[in-house]
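Enquirer: Quick one: sequence plus predicted model below, questions after.
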Amino acid sequence: GVTYVDPRLPALGKRVILPRETAKLCLRDGGYELTGADAYHEKRMALGVPEAGFELLPEKTFPLEANLDLLHAIDFKKGCFVGQEVASRTKRRGQVRKRILPAEIQGAPPTPGAAVTREGRTVGEVLSVLGSHALIQVKTAQASGTLQAGDSTLHIHLPDWADFTLEGSGTEDKTDT
């Protein structure tokens with residue numbers, strides 16, 4: 001088989017390509033710990049990494065709002081992809097106003113699709129929930145302080161890999177000054 005470090009974020013661990021019929025045996029013999037899908041999804045959500053089919057939705061998700069520029073999914077030097085001009089202009093101007101961010105849940109877990117509010121105003125949406133972790137899409141200028149989603153309190157934490165701040169009137173990209 002083939003083993004490689006997850007290209008999005010090394011903290012996600014390794015990816016392995018093996019024949020289905022021998023995969024579990026090969027992994028055990030290789031010293032890997034086998035876990036279920038929930039353990040993987042909870043880890044990636046805690047790290048703030050969205051994934052296709054869960055938080056990355058066709059026709060709805062803008063790549064920079066999903067942090068794909070920071071997770072090695074977009075090469076601004078290469079070009080030639082659908083939406084390239086808009087993505088490049090947004091990146092260059094540093095005007096990414098919403099981001100998908102990880103949040104710790106306090107209280108009953110909210111349902112995906114629930115509105116995220118701050119001081120009674122809607123500032124985002126819950127995308128996924130697993131255990132005490134959620135991935136939410138939120139306006140970066142409103143992402144500090146106490147956020148609510150139904151009866152839940154949400155505490156955003158910026159991942160180590162995040163190259164932006166949540167302060168001020170919008171996102172300030174640290175790399176584009």
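Expert: Alright, I've got the coordinates.

Enquirer: Could you use CA atoms for every contact and neighbour count after this?
Expert: OK.

Enquirer: what's the neighbour count on residue 156?
Expert: 21 (other CA atoms under 10 Å).

Enquirer: I meant residue 78, not that one.
Expert: 8.

Enquirer: Then residue 44?
Expert: Around residue 44 there are 20 residues (other CA under 10 Å).

Enquirer: cool, and residue 122?
Expert: With other CA under 10 Å as criterion, residue 122 counts 16.

Enquirer: That one against residue 115, yeah?
Expert: Yes - here residue 122 reaches residue 115: they are 6.2 Å apart, a contact under CA atoms under 8 Å.

Enquirer: Can you list the residue ranges for helices in this structure?
Expert: Counting by DSSP state H, the chain has helices at residues 23-29, 37-47, 84-93.

Enquirer: could you give the mean pLDDT of the last one?
Expert: The predicted model assigns helix 84-93 a mean pLDDT of 66.

Enquirer: again, but for the longest one
Expert: In this model, helix 37-47 carries a mean pLDDT of 93.

Enquirer: and it, which residues are buried?
Expert: By neighbour count on 16 or more other CA atoms under 10 Å, the buried set for helix 37-47 is 41-47.

Enquirer: now it, how far from the centre of its chain.
Expert: Relative to its chain's centre, helix 37-47 lies at 11 Å (CA atoms, centre = their mean, to the nearest Å).

Enquirer: Please apply the same query to the first one.
Expert: What separates the centre of helix 23-29 from the centre of its chain is 29 Å, taken as CA atoms, centre = their mean.

Enquirer: One more: stretch 139-151?
Expert: 16 Å.

Enquirer: Over to stretch 48-56?
Expert: The answer for stretch 48-56 is 6 Å, by CA atoms, centre = their mean.

Enquirer: got the buried residues for it?
Expert: Neighbour-count burial for stretch 48-56 flags 48-50, 55-56 (criterion: 16+ other CA under 10 Å).

Enquirer: Among the residues you listed, which one lies nearest to residue 134?
Expert: Nearest to residue 134 out of these is residue 48 (CA to CA; 8.7 Å).

Enquirer: Would you mind measuring from the closest one to residue 40?
Expert: Distance, residue 48 to residue 40, by CA to CA, to the nearest Å: 12 Å.
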